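Student: What follows is a protein structure lacking sequence information:
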């Protein structure tokens, strides 16, 4: 017995190729959709790939007269099954018995049996028309939490690939597994010193709460480093937004932190030289639309005066739509931000948008804010904090703490 794999544009074309090459002895075991042709993945077209075998031994008779091989879109290794690998009207136990018979048969190799098993699994839990109910539920949970479509697809494919039917039957265990996989995809920023003074630059679109976040960071830094004696300064280039100057000045007065206003590259150079003995300088920036490329370019040139010591973080509101998170992270790439500060977490019950887009871009999260109070409503990012924001998953904080003890 020999095996063959044929590709064609349609099932009918594949069937004709097989009949011409192998004649009536051809038996089709499995077929799947593939991309044909193209260059480097471009300009390819939809096609079908058919796997089967042919043998010169007479075909065993079934109830009824013998018949030629069935069309590619309806035949598997057993002519009574449908094209997906399952058998209409048969129970799972019937399919198991059939596979055991295949393993005992002299004209079947282990490769044939594995192909049959794959077809059976696809018909039960991986087919587009009849997925496993646990997989359907997980897909719904991921979509309800605003995970990006690509992230959802990857997670579902991993479920199909790594979990058996028995494992999928344990609903709570599947929930725990998926949440752990989500946690593994979250990157948490590891702070590192860039010398004295440290320069922390916060960029981001308008309306995400950058100024309040800068104040929280300044207060948090002072508390973490012992409070008194720490030389903290704030520079702001947000001199145009109504009330922005008064807001940051008020924060500075409350925290007893000097605030300086920068309007040009010369101003930035002057203040950086003046504060060269400070412990850390926080730089508040102008909120700009990610589509305003000219203004973003001008701001980037101004921030370039901070030099290589600057640690740029991108502020994104947790309420931002998934597609907009993707656009923001892309358009602010010229600032070479090393991490993301997630703001306004208290204003949403979803976190999939942030988790999935940042996972796809391999960007870590540094801080999370969830209110207006300074400095209380800010914390360093942890996986547990983000995972507890997920809705609808059957998982406890205790279990997450055991799995992600540090981050």
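Tutor: Great, that's in hand. In this text the structure is predicted, and so the values were computed from the model without any measurement. Numbering: from 1, shown residues only.

Student: Run a quick neighbour tally on residue 222.
Tutor: The criterion is other Cβ atoms under 10 Å. On that basis, residue 222 has 21 neighbouring residues. Bear in mind the C-beta positions are built from the backbone N, C-alpha and C, glycine included.

Student: distance of the closest residue to it other than its chain neighbours from residue 274?
Tutor: Ranked by Cβ to Cβ, 6 or more residues apart in numbering and with sequence neighbours excluded, the top spatial neighbour of residue 222 is residue 230, at 5.3 Å. Separation of residue 230 from residue 274 (Cβ to Cβ, to the nearest Å) stands at 17 Å.

Student: Which elements pack onto the helix or strand harbouring residue 178?
Tutor: With elements delineated by DSSP states H and E, residue 178 resides in helix 171-185, which encompasses its position. Using 3 or more Cβ pairs under 8 Å, 6 or more residues apart in numbering; DSSP states H and E as the contact test, the elements touching helix 171-185 are helix 133-144, helix 149-162, helix 165-169, helix 352-360, helix 383-387, helix 397-403.

Student: 6 Å instead?
Tutor: Using 3 or more Cβ pairs under 6 Å, 6 or more residues apart in numbering; DSSP states H and E as the contact criterion, the elements in contact with helix 171-185 are helix 133-144, helix 383-387.

Student: got a markdown table for the ones you listed, with mean neighbour count, distance to residue 212 and mean pLDDT too?
Tutor: As requested, those are arranged in a markdown table below (neighbours: other Cβ atoms under 10 Å; distance: least, Cβ to Cβ, whole Å; pLDDT from 0 to 100):
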| stretch | mean neighbour count | distance to residue 212 | mean pLDDT |
| --- | --- | --- | --- |
| helix 133-144 | 17 | 29 | 94 |
| helix 383-387 | 21 | 19 | 93 |
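
Student: export the ones you listed to a markdown table and tack on distance to residue 207?
Tutor: Supplementary listing: the helices and strands packed on helix 171-185 in a markdown table, determined by distance: least, Cβ to Cβ, whole Å:
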| stretch | distance to residue 207 |
| --- | --- |
| helix 133-144 | 25 |
| helix 383-387 | 22 |
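
Student: low-scoring stretches of this structure, by residue?
Tutor: Counting by pLDDT under 70, the chain contains low-confidence ranges at 1-3, 30, 37-44, 54-130, 194, 223-229, 239-244, 287-295, 406-407.

Student: domain ranges for it?
Tutor: 2-126, 198-381 (automatic domain parsing).

Student: Between residue 230 and residue 274, which has more neighbouring residues?
Tutor: The residue with more neighbours, out of residue 230 and residue 274 and counting by other Cβ under 10 Å, is residue 230; that gives 16 against 11.

Student: Now do the helix holding residue 178 against helix 352-360, angle only.
Tutor: For the pair helix 171-185 and helix 352-360, the angle between their directions (axes from the mean of the first three to the mean of the last three Cα atoms, to 10 degrees) equals 50 degrees.

Student: tell me what the helix or strand just after helix 171-185 is packed against?
Tutor: Heading C-terminal from helix 171-185, the first helix or strand you meet, by DSSP H and E, is strand 198-203. For strand 198-203, the elements it packs on are strand 280-284, strand 310-317, judged by 3+ Cβ pairs under 6 Å, 6+ apart.
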